[in-house]
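Engineer: with the input below, show me the fold.
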Amino acid sequence: MQIQGIIEEVVYRNEENSYSVVVIESGEDYITCVGKFPIINVGDYVDLTGEYVKHKKFGQQFQVSRVSFNAPNTKEGIIKYLSSGLIYGVGPVTAMNIVSKFGLDTLQVIEFSPEKLSSVRGVSAKKAEEIYNSFHEVKAMQNAVMLMQSFDISTNMAIKIYNTYGERTEGILKTNPYQFVEDIDGVGFFTADSIAKKIGVKIDSVFRIRAGILHVLREASDKSGNTFVYVSALKGDVAKLLGIDGIDNEIENILDKMVLDVAVKRFDYDGEPVVARIKYYNIEKVLATNLKLLSHDTDNTNINVDSD
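Structural biologist: Numbers count the residues shown, from 1 in each chain. This next block holds a predicted model:
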């Protein structure tokens, strides 16, 4: 279900994982909402998707699964938004001074004409720049999270992705969502593939083939415990996954590029070429080295475990 309202209070926020407890005013009701939120302000107008749950200690809460933002549309709302503490350099007095001068156009002035802020009492040119940068940072994250949610990425994962890429998130999402597969634990090939189809990435894109290779290698490890795959088998599995025939040469070329990028390692095993994700290869190499050292350090003392 969906509820709408204004954030009246941020009761708790964990900046490491973005878990928050907020109170929103929705009509005449005040509702406690919990879940992962992107950057939030008191005064934010929000549309929340989720469900009501009963907490043993705190009673009824609204468990949030999706967050959308709308700009405040009253002077009081804008003042509360600006003075919430999230916009650097703006307290209640400064917020009131800015809104007194620009009224309902305040947020547009901050976003598109921040130099005008220096005409407000108590706001220097430097402070105006700081306000603009802080406002832009907040809005960039909120917009990126909402964009990712439109592609059915959960709020939790959207925040995780944004924390990895920052303001580059939207550009990566719109050009190569398969990059998420490589960089973000928890983002699978099929999630990225669904996004790519919606934005028109070609099925034989280099990005897609590369992500397919990584998916096959990951599946081999996660499901079968195999840290490497024979190249001949890899080609067949990738072609089947992507639904494309006759791409052996493309896979070979992309594997060579991935070796240069230090994403995979190619070597021979029992005279046959194999490939492994570089992190799996390095882990096994370290383990083998440590086992070899242990075997050399162990003495030949015989211990009778049956003796008293």
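
Engineer: for Gly200, grab the count of nearby residues.
Structural biologist: Using other CB atoms under 10 Å, Gly200 has 7 other residues around it. C-betas here are computed from N, CA, C, even on glycine.

Engineer: from Arg208, how far off is it?
Structural biologist: Distance, Gly200 to Arg208, by CB to CB, to the nearest Å: 12 Å.

Engineer: got it, and Pro92?
Structural biologist: The gap separating Pro92 from Arg208 is 51 Å, by CB to CB.

Engineer: looking at the two, which one has more neighbours?
Structural biologist: Neighbour tally, Pro92 and Arg208, criterion other CB under 10 Å: the higher count belongs to Arg208, 24 against 12.

Engineer: who touches the host helix or strand of that one?
Structural biologist: Using DSSP states H and E, Arg208 falls within helix 206-224. With contact meaning CB atoms under 8 Å, 6 or more residues apart in numbering, helix 206-224 is reached by 176, 178-179, 181-182, 188-189, 192-193, 196, 201-202, 226-229, 234, 237-238, 241-242, 247, 250-251, 254-255, 257-258, 263-264, 275-277, 280.

Engineer: go again with 6 Å.
Structural biologist: Residues from elsewhere that reach helix 206-224, judged by CB atoms under 6 Å, 6 or more residues apart in numbering: 176, 178, 181, 189, 226-227, 229, 234, 237-238, 241-242, 250, 254, 277.

Engineer: let's see that helix as PDB, backbone CA atoms only.
Structural biologist: Only the C-alpha atoms of helix 206-224 are listed here, as PDB (Å, rounded to 0.1, in the frame of the first residue of the first chain):
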ATOM      1  CA  VAL A 206      30.200  -6.300 -25.300                       C
ATOM      2  CA  PHE A 207      28.900  -5.200 -21.900                       C
ATOM      3  CA  ARG A 208      26.300  -8.000 -21.900                       C
ATOM      4  CA  ILE A 209      28.700 -10.700 -23.000                       C
ATOM      5  CA  ARG A 210      31.200  -9.700 -20.300                       C
ATOM      6  CA  ALA A 211      28.500  -9.800 -17.700                       C
ATOM      7  CA  GLY A 212      27.400 -13.200 -19.000                       C
ATOM      8  CA  ILE A 213      31.000 -14.500 -18.600                       C
ATOM      9  CA  LEU A 214      31.100 -13.300 -15.000                       C
ATOM     10  CA  HIS A 215      27.700 -14.800 -14.300                       C
ATOM     11  CA  VAL A 216      28.700 -18.200 -15.500                       C
ATOM     12  CA  LEU A 217      31.900 -18.100 -13.500                       C
ATOM     13  CA  ARG A 218      30.000 -17.100 -10.400                       C
ATOM     14  CA  GLU A 219      27.400 -19.700 -10.800                       C
ATOM     15  CA  ALA A 220      30.100 -22.400 -11.300                       C
ATOM     16  CA  SER A 221      31.600 -21.300  -8.000                       C
ATOM     17  CA  ASP A 222      28.400 -20.800  -6.000                       C
ATOM     18  CA  LYS A 223      26.600 -23.900  -7.100                       C
ATOM     19  CA  SER A 224      29.300 -26.400  -7.900                       C
END
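
Engineer: so what's Ile24 up against?
Structural biologist: Ile24 makes contact with Gly5, Ile7, Ile31, Cys33, according to CB under 6 Å, 6+ apart.

Engineer: keep only those of the residues you listed that are in helices.
Structural biologist: Judged by DSSP state H, the subset of those located in helices is empty.

Engineer: next helix or strand past the helix holding Arg208?
Structural biologist: Later in the chain than helix 206-224, the nearest helix or strand by DSSP H and E is strand 229-230.

Engineer: each with direction, which strands does that following strand pair with?
Structural biologist: strand 272-277 (antiparallel) (DSSP bridges).

Engineer: relative to helix 206-224, how tilted is the partner strand?
Structural biologist: On the basis of axes from the mean of the first three to the mean of the last three CA atoms, to 10 degrees, strand 272-277 is oriented at 100 degrees to helix 206-224.

Engineer: quick revisit: and the two most separated of the contacts of Ile24?
Structural biologist: Farthest pair in those (CB to CB) is Ile7 and Ile31. Separation: 10.6 Å.

Engineer: compare those two and say which is more crowded by neighbours.
Structural biologist: Higher neighbour count among Ile7 and Ile31: Ile7, with 24 against 18, using other CB under 10 Å.

Engineer: not counting its neighbours along the chain, what's nearest the more buried one?
Structural biologist: Spatial nearest neighbour of Ile7, excluding adjacent residues (CB to CB, 6 or more residues apart in numbering): Asp44 at 4.6 Å.

Engineer: pretty sure that neighbour contacts Ile6?
Structural biologist: No. Using CB atoms under 6 Å as the test, Asp44 is too far from Ile6 to be in contact (7.0 Å).

Engineer: looking at those two, which one has more neighbours?
Structural biologist: Asp44 (27 against 20).
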